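With the input below, show me the fold.
(chains A and B)
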Amino acid sequence: MPTPSPARVHDFTVVSNEPMARDIYALTVRAPKLAQAIKPGQFVNIAVPGNAASLLRVPLSYAAADPAAGTIDIWYAVVGDGTRRLSQMQPGATSTLLGPGGRGWTVPEGCRRALLVAGGIGVPPVVCLARELVSAGIDFDACVGSACADTLVGPAELEELGAGEVRISTDDGSLGLAGFCTDPAAELLARGGYDYVATCGPEPMMAKVAAAAQAAGVPCEASLERMMSCGFGACNTCAVETTHGMVGACMCGPVFNAEEVVW
Amino acid sequence: MSKVSMAVDLGGIKMKNPVNTASGTFGYGWQYQNFFDVSCLGAITTKGCAAEPWPGNPKPRMTEVYGGMMNSVGLQNPGVHAFAAESGPWLEELSSKGTQVICQVAGHSTAEYVAALELFDELCPWAAGFELNVSCPNIAAGGAACGSTPEGAAEVMRACRPVTKKPLLVKMAPVRLPEIARALEAEGADGLTVINSIPGMAIDVHTRRSKISKPTGGLSGPLLHPIAVRMVWEVANAVDIPVCGVGGIMTGEDAAEFILAGATAVSVGMASFAEPDAAARILSELTAWAEEQGVNDINELIGALEC
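Down below sits the predicted model:
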């Protein structure tokens, strides 16, 4: 029998839920057992109250877990009804979440310097990884992109964690370099010195980063997003096309070896 | 123990209680083992498998809709050989604990259904019975086409009947139900699963694209529960073989409606996605309802609709 998902259903309480950028919120929940079990790159699937006609959970990545405090930080963009209702949950509100889901980041053995490339709301799992790298004594640089300055999150946290350098880009040029974060990523990769690239963001962006990493001979992992029904391997709706066939993002991902993804 | 006997006979599949799981919403069972004791259920129905592996449809395969979801998975499956090898031991153990395992059979043509059923019959001796899925709305050939006419459905049933001595159920499309049900009964079907998902569409009006990778997909969830109850009632009135009611069961009362409309068993579907142990809760609520009705045996409530 293949291994079932490690996910369980956990009760949680909202500790705080505040806007951190335009349409992006920072949610902290208390879920002690999950905070101890979850690993960078894995996801949670949240039951958001408030609409009896909306039945499925909302799958989200997370930015940080504090096993001692029993809390998990989730940064999310309000993109639909589920995340809109989530943004209305007040401190003290309770519900359940399912997790930890899936396969997280796997930093190669002996990695000394990593390049992190994140676009839009792809930032949280990358920030989560950065914290892991710091605790493992691995240096990193980061490229963070966003549509505009108002929706940019992550550079401050990455600087604070000790990034060698953080390159910022915005599509409209309102902050940092005008354009996509793939350009500075390609430039840094060309400079050399990386043993690992981790990326999360819009799929065309990740495809470009993966191609640049491959050209530079550096292993690359990408965190993908899919519409999910269950989040634990039962429904077959979160399919990702890979070089070894269609596989579920909830069990074989969300983090994939970028060379195995058919972009 | 319940004061009411909950055991039912779904066309020769002896279930300790009427609660089953809808194929495609319960994986191969073991995906749920960490969430609840699956062996409390009367039966589970495994995701459809064909003789050869199928890759399924491109992404996106699912969109949430008001009161339910719409999918276009396209019956992705590893093939019967891999299914039996990977999931067989767990399912055999489940069966030994008294939960009947019904394996769903997928195909694009009569020959493919026969080929898959032959493999199931040989490789899955622990299976209590099989369910022919002649009604998947998301596969290009066969599927809906096979099961959408009395002639097509009867042809598949006629070819499959000699392949196994075990009970054969047929999962029906939500079209021409009474006449197709009678055709299947005449060809030796032991029971009917009513209904499969209902074809629907969901369009992103900003991009003018379907919200899934195909123009249409299969709707499921509580949005269609009243339609499914009506269809179960129509089928139960048209044939003598038992019916398993499927469609948007979220509570024991939703399941009870199917029973009163004439279903012998019920299958929990998408409720299990949001709440992995939903089927166990629904069983306990259904049992409480049967007790409250003051009967000694749940069979007294099958088709007991008064109107």
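
what sits up against stretch A:68-84?
Residues from elsewhere that reach stretch A:68-84 (C-beta atoms under 8 Å, 6 or more residues apart in numbering or on different chains): A:12, A:15, A:20, A:23-32, A:34-36, A:38, A:44, A:48, A:51, A:54, A:56, A:58, A:60-66, A:86-87, A:120-121, A:123-124, A:127, A:151, A:153. Every residue, glycine included, has its C-beta placed from N, CA and C.

In PyMOL, how would I select the buried members of those?
For the buried members of the contacts of stretch A:68-84, the matching PyMOL selection, counting by 16 or more other C-beta atoms under 10 Å in any protein chain shown, is:
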select buried, chain A and resi 12+15+24+25+26+27+28+29+30+31+32+34+35+38+44+48+54+56+58+60+61+62+63+64+65+86+87+120+121+123+124+127+151+153
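
filter the contacts of stretch A:68-84 down to the ones near chain B?
Restricting those to those touching chain B (C-beta under 8 Å from any C-beta of the partner chain) yields A:S54, A:L56.

On the three-state scheme, B:C244 is what?
strand (DSSP: H, G, I helix; E, B strand; the rest coil).

The one 4 residues further on now?
Reducing the assignment to helix, strand or coil with three-state DSSP, the entry for B:G248 is coil.

Which part of the stretch 101-250 of chain B gets nearest to chain A, residue-wise?
Across the stretch 101-250 of chain B, the shortest distance to chain A (C-beta to the nearest C-beta) belongs to B:G221, at 6.2 Å.

Tally up the residues packed near the closest residue to A:M1 other than its chain neighbours, please.
Nearest residue to A:M1, sequence neighbours excluded (C-beta to C-beta, 6 or more residues apart in numbering or on different chains): B:W90, at 4.7 Å. Neighbour count for B:W90, taken as other C-beta atoms under 10 Å in any protein chain shown: 18.

Surely B:W90 is in a strand?
No - using three-state DSSP, the assignment for B:W90 is helix, not a strand.

Could you count how many residues lie near the residue of the stretch 201-307 of chain B found nearest chain A?
Nearest to chain A, among the residues of the stretch 201-307 of chain B, is B:F273, at 4.2 Å (C-beta to the nearest C-beta). By the measure other C-beta under 10 Å, the count of residues near B:F273 is 26.

mind checking the SS state of it?
helix.

Go ahead and confirm it touches A:P59.
No - between B:F273 and A:P59 there is no contact under C-beta atoms under 8 Å: 11.5 Å.

Common neighbours of these two, please.
By C-beta under 8 Å, 6+ apart, B:F273 and A:P59 have no common neighbours.

in the stretch 101-250 of chain B, what spans have low per-residue confidence?
B:138-145 (pLDDT under 70).

again, 50 this time
For the stretch 101-250 of chain B, the stretches with pLDDT under 50 are B:142.

near chain A, which residues of it show up?
For the stretch 101-250 of chain B, the residues in contact with chain A (C-beta under 8 Å from any C-beta) are B:G221, B:P222, B:L223, B:M250.

Next, the contact list for the last one, please.
Pointing back at B:M250 there. Taking C-beta under 8 Å, 6+ apart, we find B:M250 in contact with A:L55, B:P222, B:H225, B:A271, B:A278, B:I282.

Let me have the residues you listed in CSV, adding secondary structure and neighbour count as columns.
Output for the contacts of B:M250, formatted as CSV (DSSP: H, G, I helix; E, B strand; the rest coil; neighbours: other C-beta atoms under 10 Å in any protein chain shown):
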residue, secondary structure, neighbour count
A:L55, coil, 24
B:P222, helix, 21
B:H225, helix, 22
B:A271, helix, 25
B:A278, helix, 23
B:I282, helix, 25
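
okay if I get these as TSV plus distance to B:T264?
Below are those laid out as TSV (distance: C-beta to C-beta, whole Å):
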residue	distance to B:T264
A:L55	26
B:P222	22
B:H225	18
B:A271	20
B:A278	21
B:I282	16
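
Next, give phi and psi for A:C111.
Main-chain dihedrals, A:C111, degrees, to the nearest 10: phi -60, psi 130.

Can I get stretch B:26-37 in CSV? Just the C-alpha atoms.
The C-alpha coordinates for stretch B:26-37 follow below in CSV (Å, rounded to 0.1, in the frame of the first residue of the first chain):
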residue,chain,number,x,y,z
PHE,B,26,-13.0,7.7,-1.5
GLY,B,27,-9.8,6.8,-3.3
TYR,B,28,-9.0,3.2,-2.6
GLY,B,29,-10.1,3.4,1.0
TRP,B,30,-6.7,3.5,2.7
GLN,B,31,-6.4,7.3,2.0
TYR,B,32,-9.0,7.6,4.8
GLN,B,33,-7.5,5.2,7.3
ASN,B,34,-5.8,7.9,9.4
PHE,B,35,-9.0,9.9,9.7
PHE,B,36,-11.5,7.3,11.0
ASP,B,37,-12.1,3.5,11.3
